[in-house]
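Any chance you could fold what I've pasted below:
(one chain, ligands or ions: 1)
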Amino acid sequence: MSTAVLTKETLNPFEIAQAQFDAAADYLMLDEGLRTILKRPKRQLIVSIPVRMDDGRIKVFEGYRVQHNLSRGPAKGGIRYHPDVTLDEVKALASWMTWKCATVNIPYGGGKGGVRVDPKQLSLGELERLTRRYATEIAPIIGPDRDIPAPDVYTTPQTMAWIMDTISMFHGHTELGVVTGKPLSLGGSKGRHEATARGCQYTTRAACAVKRISLKGAKVAVQGFGNAGSIAARLLHEDGATVIAASDSKGGIYNENGIDPEAALRHKEETGSLVGFRGCDAISNQELLELRCDVLVPAALENTITLENAEHIRAKIVAEAANGPTTPGADRVLRERGIFVIPDILCNAGGVTVSYFEWVQDLYGFFWTEHEVNSYLERTMSAAFREVHAAAEKYRVDMRTGAYITAVARVAEATKVRGIFP
Ligand code: NAD
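Just a heads-up that it's a prediction; the model follows:
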């Protein structure tokens with residue numbers, strides 16, 4: 001067996017994703033051929049995106065779309081706009097999507113896209129031209145029955161509306177199912193905006209029950225205050241938890257007695273950052289991660305909890321709203337220290353689950369109430385938590401390995417039954 005043993009900490013997200021896969025493949029005793037297939041992305045597209053800037057100059061950005069595994073259905077996964085996006089990061093995120101969709105048992109494979117750009121430096125017009133050209137460049141491989149993008153870091157329902165419109169222009173008719181996370185006025189689903197955070201809330205509730213912690217009165221720290229983090233903070237606050245700290249890319253805020261997440265979000269919308277929110281002390285992102293609390297929610301980017309700081313994490317539960325926030329080395333340390341990690345491919349799977357519901361509604365042209373969406377989501381997330389927890393108990397492993405064992409077994413079975421073409 002070719003288990004990748006990480007002798008020193010790697011921060012390459014794709015190597016991390018492969019090591020996580022290997023750990024589960026070992027428990028499942030997967031044969032070498034299947035392993036080799038499941039470790040690699042099926043398709044990787046690199047595109048150049050020329051954009052006419054507002055001042056008349058032309059700039060060319062690099063973009064990616066990766067499809068990791070399509071055995072269980074079309075590829076599904078977000079599009080990220082960030083200056084640090086790399087092909088390896090997109091490959092990792094695409095493979096995490098394969099495992100995530102299988103963990104919650106929805107009929108998709110994994111995909112992901114990204115553009116190396118700092119969207120904060122672009123005007124709205126420049127962003128629209130970038131998005132429409134990127135959509136055009138990846139058009140040959142996306143579509144409602146092939147690969148369905150969605151929002152990720154620094155992309156929004158507006159971004160999805162531009163992509164949907166661009167693809168629809170080529171097809172000559174409105175193609176609602178080509179992306180999810182769209183605005184409600186354009187075939188979006190009720191509950192999608194909150195879905196990632198709601199899944200995080202449901203799995204945090206379940207983890208609290210396992211750890212016998214009352215969520216009411218629990219202290220919560222949230223790193224990253226975008227779609228996933230800010231809404232998770234609000235929902236956990238509504239469950240009676242005390243949000244003692246929150247942060248964004250510019251810095252963090254702390255108040256032992258609790259922060260009102262909605263007021264903090266208004267401050268961020270008005271000023272561009274949480275920094276300076278009234279009644280709070282300033283803290284760094286690093287200090288936030290190391291606070292004594294019940295639940296730590298990393299909701300920003302990869303490689304947040306590493307060997308550098310894992311010894312200093314003082315949370316009882318880590319709820320991974322972000323993708324890839326914990327390195328395998330840090331995972332080992334957290335496990336030894338008895339910290340319960342709700343792994344990303346389970347914790348943040350609420351987003352893709354409601355994306356799936358959105359796609360189903362678009363294909364049927366029949367839309368559900370918010371209550372229906374949330375109750376299907378709760379059913380899906382609760383079942384997935386139970387299955388992952390049962391696998392973790394059965395194999396005497398942590399929740400991440402339990403989730404990978406559950407997911408890899410499903411994808412391996414589908415790949416095996418389909419057979420190798422031709
Ligand atoms: P977003 O763009 O809405 O928000 C990102 C937030 O992270 C912002 O508040 C930003 O200021 C903050 N941030 C960026 N760099 C930071 C840093 N170095 N330190 C602290 N904060 C930082 O993005 P999002 O959609 O909320 O995504 C956040 C994470 O959740 C990503 O890992 C993403 O892949 C994951 N995720 C998102 C969804 C979704 O539906 N949006 C679904 C599943 C997983």
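
need the residues of the chain near the ligand, please.
Residues of the chain that fall close to the ligand, judged by Cβ under 6 Å from any ligand atom: 151-154, 196, 223-229, 247-249, 285, 299-301, 321-323, 348, 351. For every residue, glycine as well, the C-beta is placed using N, CA and C.

Take these and keep only those in strands.
With strands taken from DSSP state E, the overlap with the residues of the chain next to the ligand comprises 151, 223, 247-248.

Looking at those residues, which is nearest the ligand?
Asp248 (3.3 Å; Cβ to the nearest ligand atom).

Neighbours of the closest one, how many?
When neighbours are defined as other Cβ atoms under 10 Å, Asp248 has 23 of them.

right, and it touches Gly224 too?
Yes. Here Asp248 reaches Gly224: they are 6.6 Å apart, a contact under Cβ atoms under 8 Å.

Which neighbours do these two have in common?
By Cβ atoms under 8 Å, 6 or more residues apart in numbering, Asp248 and Gly224 have these common neighbours: Ala300.

farthest pair in the ones in strands among the residues of the chain next to the ligand?
Using Cβ to Cβ, those reach their maximum pairwise distance at Pro151 and Ser247, which is 20.8 Å.

isn't there a helix covering Ala24?
Yes. Under DSSP: H, G, I helix; E, B strand; the rest coil, Ala24 falls within a helix.

For Arg418, see how far away it is.
Separation of Ala24 from Arg418 (Cβ to Cβ, to the nearest Å) stands at 20 Å.

More neighbours: these two, which one.
Applying other Cβ under 10 Å to Ala24 and Arg418 shows that Ala24 carries more neighbours, namely 25 against 11.

okay, that one: pLDDT?
Looking at Ala24, its pLDDT is 97.

Give me the domain ranges for the chain.
The chain breaks down by automatic domain parsing into domains covering 41-186, 195-347.

Show me the one of those that comes nearest Thr10.
Of all the domains of the chain, domain 195-347 sits nearest to Thr10, with 7.7 Å by Cβ to Cβ.

Start and end of that closest one, how far apart?
11 Å (Cα to Cα, to the nearest Å).

and if you look at stretch 234-249?
OK, stretch 234-249 end separation, Cα to Cα: 19 Å.

tell me the secondary structure for the residue lying closest to Leu122 once chain neighbours are set aside?
Excluding the flanking residues, the one nearest Leu122 by Cβ to Cβ, 6 or more residues apart in numbering is Leu130, at 6.8 Å. Judged by three-state DSSP, the three-state class of Leu130 is helix.

right, and Leu130 touches Met53 too?
No. With contact defined as Cβ under 8 Å, Leu130 and Met53 do not form a contacting pair (9.7 Å).

So for the two, which sits in the more crowded spot?
Neighbours were tallied for Leu130 and for Met53 using other Cβ under 10 Å; the higher tally belongs to Leu130 (24 against 14).

Roughly how far does the residue of the chain positioned farthest from its centre sit from Thr159?
Here the centre of the chain is the reference, and by Cα atoms, centre = their mean the most remote residue is Gly56, at 35.9 Å. Distance, Gly56 to Thr159, by Cβ to Cβ: 24 Å.

Quick one: the strands in the stretch 1-150 of the chain, in order.
43-52, 58-69, 75-82, 109-116, 147-151 (DSSP state E, counting those that start in this stretch).

ditto for the stretch 251-400 of the chain
Secondary structure of the stretch 251-400 of the chain (DSSP E, counting those that start in this stretch): strands located at 251-254, 281-283, 292-298, 314-319, 340-342.

Packing partners of the host helix or strand of Tyr202?
Per DSSP states H and E: Tyr202 is located in helix 192-211. When contacts are defined as 3 or more Cβ pairs under 8 Å, 6 or more residues apart in numbering; DSSP states H and E, helix 192-211 sits against helix 227-238, strand 292-298, strand 314-319, strand 340-342, helix 344-347, helix 350-364, helix 370-395.

which neighbours does the third one have in its sheet, and in what orientation?
In the sheet containing strand 314-319, the strands it pairs with under DSSP bridges are strand 292-298 (parallel), strand 340-342 (parallel).

Can you say which of the helices and strands packed on helix 192-211 is nearest to Tyr64?
Across those, closest to Tyr64 is helix 350-364 (Cβ to Cβ), at 18.8 Å.

Mind listing what's buried along that closest one?
The neighbour-count check on helix 350-364 (16 or more other Cβ atoms under 10 Å) flags 350-362 as buried.

again, but for stretch 336-348
339-348.

how far off strand 314-319 does the helix holding Tyr202 point, in degrees?
Interaxial angle, helix 192-211 versus strand 314-319 (axes from the mean of the first three to the mean of the last three Cα atoms, to 10 degrees): 130 degrees.

Please find the angle between the direction vectors of helix 192-211 and helix 227-238.
Here helix 192-211 points in a direction 50 degrees away from that of helix 227-238 (the same axes, to 10 degrees).

Centre of the chain to helix 192-211, how far?
Its chain's C-alpha centre and that of helix 192-211 lie 14 Å apart, by Cα atoms, centre = their mean, to the nearest Å.

Could you tell me the angle between that helix and strand 147-151?
Going by the same axes, to 10 degrees, helix 192-211 makes 80 degrees with strand 147-151.

of all of the protein, which residue lies closest to the ligand?
Gly226 (1.7 Å).

Thr166: how many residues sit nearby?
Thr166: 20 surrounding residues under other Cβ under 10 Å.

So it belongs to a helix, correct?
Yes. According to three-state DSSP, Thr166 belongs to a helix.

Settle this for me: it is touching Leu130, isn't it.
No. Counting by Cβ under 8 Å, Thr166 stays clear of Leu130, with 11.5 Å between them.

Verify the stated contact: Leu34 with Ala414.
No. Look at Leu34 against Ala414 with Cβ under 8 Å: they stay out of range, at 11.0 Å.

Give me the nearest residue to Ala282, chain neighbours excluded.
Gly251 (6.1 Å).

is the one you found in a bridge, and if so with what?
Applying DSSP bridges, one finds that Gly251 bridges with Asp248.

again with Val51
Where Val51 sits in a bridge, its partners, by DSSP bridges, are Lys59.

and the ones in strands among the residues of the chain next to the ligand as TSV, adding pLDDT?
Converted to TSV, those look like this (pLDDT from 0 to 100):
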residue	pLDDT
Pro151	96
Gln223	98
Ser247	98
Asp248	98
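
between the residues you listed, which is closest to Pro140?
Nearest member of these to Pro140, counting by Cβ to Cβ, is Pro151, at 21.7 Å.
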